[in-house]
Structures are given as structure tokens and as C-alpha cells.
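Engineer: Everything below, folded, please.
(2 chains)
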Amino acid sequence: SAVISQKPSRDICQRGTSLTIQCQVDSQVTMMFWYRQQPGQSLTLIATANQGSEATYESGFVIDKFPISRPNLTFSTLTVSNMSPEDSSIYLCSVDKRSGTYEQYFGPGTRLTVT
Amino acid sequence: GENVEQHPSTLSVQEGDSAVIKCTYSDSASNYFPWYKQELGKRPQLIIDIRSNVGEKKDQRIAVTLNKTAKHFSLHITETQPEDSAVYFCAASISGYSTLTFGKGTMLLVSP
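Structural biologist: Residues are numbered from 1 along each chain as shown, chains lettered A, B, ... in the order given. Just a heads-up that it's a prediction; the model follows:
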């Protein structure tokens, strides 16, 4: 499996502000994914981030609200913009460590609370 | 798009008993079915997966079965231990894509 880290691990933010979450992998990966996990809920895919191309967003998620960067094969960021209390959630990145296997490994998550 | 249903939502067993969690999927093009274990406050961990070219896969006390005709797959845990207590998620991936669709999860509680 991959070693995946996320920063910050948690944050408390004021409504209307933005937070950028970083995801770092210890080796190059083709596919990186961003998920949201609301308290007591399942994982919902926000978007898929490939290096060198625009992120692909799932239904219900838009680039203006969740801009994503993927500058290289080991790093990605997710920004949660103009936050409201409804954005309080855990945000996780995952990677497809071995391209083509579909096996995804998750980062430790970022616990976001919006007040 | 794909839809994954998971049952039961909670499952309580005594230590040493077996536990079975079942999932159904909607898209017959799905061909990859992983299971994740998530302990409280931790990240989801991939514990076992199965691809559509096999019907069963085992890894020590855990096994997964797949019935493509019925579009359902199951996780079997034998000789359960308290450390098996966690939330388990099934997922499905449509052929040709890497994105996973998750079930809603099953909270497994193993009592000593």
C-alpha cells in the first residue's frame, strides 16, 4: 500500500472562508481521488484528479466550490470555498496505487468543522 | 450510474460467531468489488476485494463471494474477535473506470 499524508488533520473555520487541504503520496500515482464523509455516513466521491488535466467532478459537486489542483504525480490539493456549516465533514484523499488495479488506499483524512 | 445497497446497517455478534454482510449492485458492467474496514476515527482500510472473473476469495478469517447473475456480493468473517468491531463498507467499480461507489456501511459489534 501507499504512504499517504494529509494536511491539516483537522481545522475549525469560520463560515465564508476557504480551506485548502493537501494530500501527499510517497510515490507517483496516476489517479487521486477526493471524498467527503459526513458524520456517521458513507464515503461520497467529490472528484477525480489526474495530473495534467482538469479534475472530473461528480454530480452535485462543482469546481467553484471545490477547486482541485494536481501539479504532479505525488501531490494534490482540495479547496473548500465559501464554507458553511453544511461543509463540516471529513475530507479524504485516496490513490490508485497500482494503476489499472482499481485498488484505492486512503489518506488519514481532514476533519473540518465550520462554525 | 451505479447504486450499491448494503445490509444490515448494524450487526451484533458474540465473539467466535460468524458475521455476514451483503451488498447488491445495479450496474452489470461493474467488475471490481472491494471491502473496507473503518475503525472509529481512522481511515478506511482495504481488507479484501474480488473481481468479476472469480466467485470467491479467502484471506484467513475473511472471505468474499460474488454472484454476478444476481448482482450481489457478500463479506464473511469467521471466528469473530472484538478487534473486528468496526464499520465495514462495500463498494463497486464499473469496468473501465477507477471510481468507486460505496454502500452505506455496516457497523459490526463483536461482544466478548
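Engineer: Report the separation between the residue minimising distance to the centre of chain A and chain B.
Structural biologist: Among the residues of chain A, the one closest to the centroid is A:Trp34, at 3.2 Å (Cα atoms, centre = their mean). To chain B, A:Trp34 is 11 Å away according to Cβ to the nearest Cβ, to the nearest Å. Glycine gets a C-beta too; all of them are placed from N, C-alpha and C.
Engineer: so that residue is in which element?
Structural biologist: strand A:31-37 (DSSP states H and E).
Engineer: Name the strands paired with that strand and say parallel or antiparallel.
Structural biologist: strand A:44-50 (antiparallel), strand A:89-96 (antiparallel) (DSSP bridges).
Engineer: what does it contact?
Structural biologist: Residues from elsewhere that reach strand A:31-37, judged by Cβ atoms under 8 Å, 6 or more residues apart in numbering or on different chains: A:23, A:25, A:43-50, A:66, A:68, A:70, A:76, A:78, A:89-96, A:99, A:104, A:106, A:109, B:98-99.
Engineer: For the buried ones among those residues, write the corresponding PyMOL selection.
Structural biologist: Selection of buried members from the contacts of strand A:31-37 for PyMOL, criterion 16 or more other Cβ atoms under 10 Å in any protein chain shown:
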select buried, (chain A and resi 23+25+43+44+45+46+47+48+49+50+66+68+70+76+78+89+90+91+92+93+94+95+96+104+106+109) or (chain B and resi 98+99)
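Engineer: what bridges to the nearest residue in space to B:Gly103 that is not next to it in sequence?
Structural biologist: Nearest residue to B:Gly103 in three dimensions, chain neighbours excluded: B:Gln6, at 3.0 Å (Cβ to Cβ, 6 or more residues apart in numbering or on different chains). Going by DSSP bridges, B:Gln6 is paired in beta bridges with B:Cys23.
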